[in-house]
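# what shape does this take:
(one chain, ligands or ions: 1)
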Amino acid sequence: MPVKEGPNILISGTPGVGKTTLAQLIAERTNMEAISVGDLAKANNFFCGFDEELQCPILDEDKVLDELEDMIAEGGKIVDYHGSEFFPERFFDIVFVLRTDNTLLYDRLASRGYAGKKLEDNVECEIMNVLRDEALENYAADIVHELPSNTPDDMENNLQRILAWIESWIRDNNIVTS
Ligand code: DAT
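Have a look, this model is predicted:
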C-alpha cells in the first residue's frame with residue numbers, strides 16, 4: 001500500500017459547531033488540505049434531490065465517496081461533515097466531534113439564517129448527541145474524541161491539541177515533511 005502523506009482526520013458535529021472553521025485553521029498551520037463535504041457537494045452538484053422536511057438538498061453519497069477516494073488515499077486530508085456513517089471506516093485515522101451548548105448553537109444557526117423547524121431540529125440533534133453517537137457507532141471508540149466548541153479559547157485549544165496529535169502521527173509513521 002502506498003505511504004500516506006499524513007493522517008486523514010474527520011471533523012464531525014451538528015451544523016454550526018465550528019467544523020469548517022477548525023478544519024481551515026488546521027490546514028493553514030500544516031501542509032494538510034481541508035475538505036468541506038458540503039462545499040465539495042455544492043461545487044460538483046453532488047445532490048440527488050431536496051428534502052422538503054429538513055429543507056436541505058439530499059447528498060449523493062456515492063458521488064461524494066467516489067470523489068473522496070483518491071484524495072483520502074493520498075493522506076493529509078481534514079474532512080468536515082455533519083455526519084460520519086456513510087464514510088468507510090478505513091478513511092480516517094481519527095475522528096473529532098465538536099460540541100456546542102444549545103443556546104450558543106441556537107444563536108449561531110439563527111444568525112446563519114436558519115429558522116423554524118430546521119433550526120429546532122439542528123439544536124435538538126445537538127442536545128440528543130446524535131452526531132457523537134453516530135461517530136461512536138461507526139468508528140472504534142478510541143479514535144473518537146469529543147471537543148467543546150463554545151468559545152474562541154475552545155477553538156484555539158482544539159487547534160493546538162489536533163496539531164500536537166498530527167505531529168505525533170507524523171513522527172510515529174516516519175513521514176518526512178517538506
Ligand atoms: P460548521 O462548519 O460546523 O457548520 P462553522 O465553522 O461554519 O461551523 O462555524 C459557524 C459559526 O460559528 C462561525 O461564524 C464561526 C462560529 N464559531 C464556530 N466555532 C466557534 C467557537 N468555538 N467559538 C466562537 N465562535 C465559533
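# in the helix or strand of the chain with the lowest mean pLDDT, what's buried?
Lowest on mean pLDDT, DSSP states H and E among the helices and strands of the chain sits strand 56-59, with a mean of 91. Across strand 56-59, burial judged by 16 or more other C-beta atoms under 10 Å covers 57, 59. No exception for glycine: its C-beta is placed from N, CA and C like everyone else's.
# distance from the chain centre to whatever helix or strand comes next after that strand, please.
Reading on from strand 56-59 to the C-terminus, the next helix or strand found by DSSP states H and E is helix 61-74. Put simply, helix 61-74 sits 15 Å off its chain's centre (C-alpha atoms, centre = their mean, to the nearest Å).
# for the helix or strand following helix 61-74, which outside residues touch it?
Under the assignment DSSP H and E, the closest C-terminal helix or strand after helix 61-74 is strand 77-80. Strand 77-80 is contacted by residues 8-12, 19-20, 22-23, 26-27, 32-37, 68, 71-72, 87, 91-92 when judged by C-beta atoms under 8 Å, 6 or more residues apart in numbering.
# let's see that with 7 Å instead.
With contact meaning C-beta atoms under 7 Å, 6 or more residues apart in numbering, strand 77-80 is reached by 8-11, 19-20, 23, 26-27, 32-37, 71.
# could you list the paired strands of the following helix or strand past it along with their orientation?
Using DSSP H and E, the helix or strand that follows strand 77-80 in sequence is strand 94-99. Looking at strand 94-99 with DSSP bridges, its partner strands are strand 9-12 (parallel), strand 144-148 (parallel).
# quick one: which of the contacts of strand 77-80 sit in helices?
19, 20, 23, 26, 27, 37, 71 (DSSP state H).
# off-centre distance for stretch 68-83?
The chain centre lies 10 Å from the centre of stretch 68-83; the measure is C-alpha atoms, centre = their mean.
# alpha carbons of that stretch, as CSV, please.
Below are the C-alpha coordinates for stretch 68-83, written out as CSV (Å, rounded to 0.1, in the frame of the first residue of the first chain):
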residue,chain,number,x,y,z
LEU,A,68,-13.0,11.5,-2.0
GLU,A,69,-11.5,8.0,-2.6
ASP,A,70,-8.3,9.2,-4.3
MET,A,71,-7.8,12.2,-2.1
ILE,A,72,-8.1,10.0,1.0
ALA,A,73,-5.6,7.6,-0.5
GLU,A,74,-3.0,10.4,-0.7
GLY,A,75,-3.5,11.2,3.0
GLY,A,76,-3.2,14.5,4.7
LYS,A,77,-6.9,15.4,4.5
ILE,A,78,-9.2,17.1,7.0
VAL,A,79,-12.7,16.3,6.1
ASP,A,80,-15.6,18.1,7.7
TYR,A,81,-19.2,17.0,7.6
HIS,A,82,-22.3,16.8,9.8
GLY,A,83,-22.3,13.1,9.6
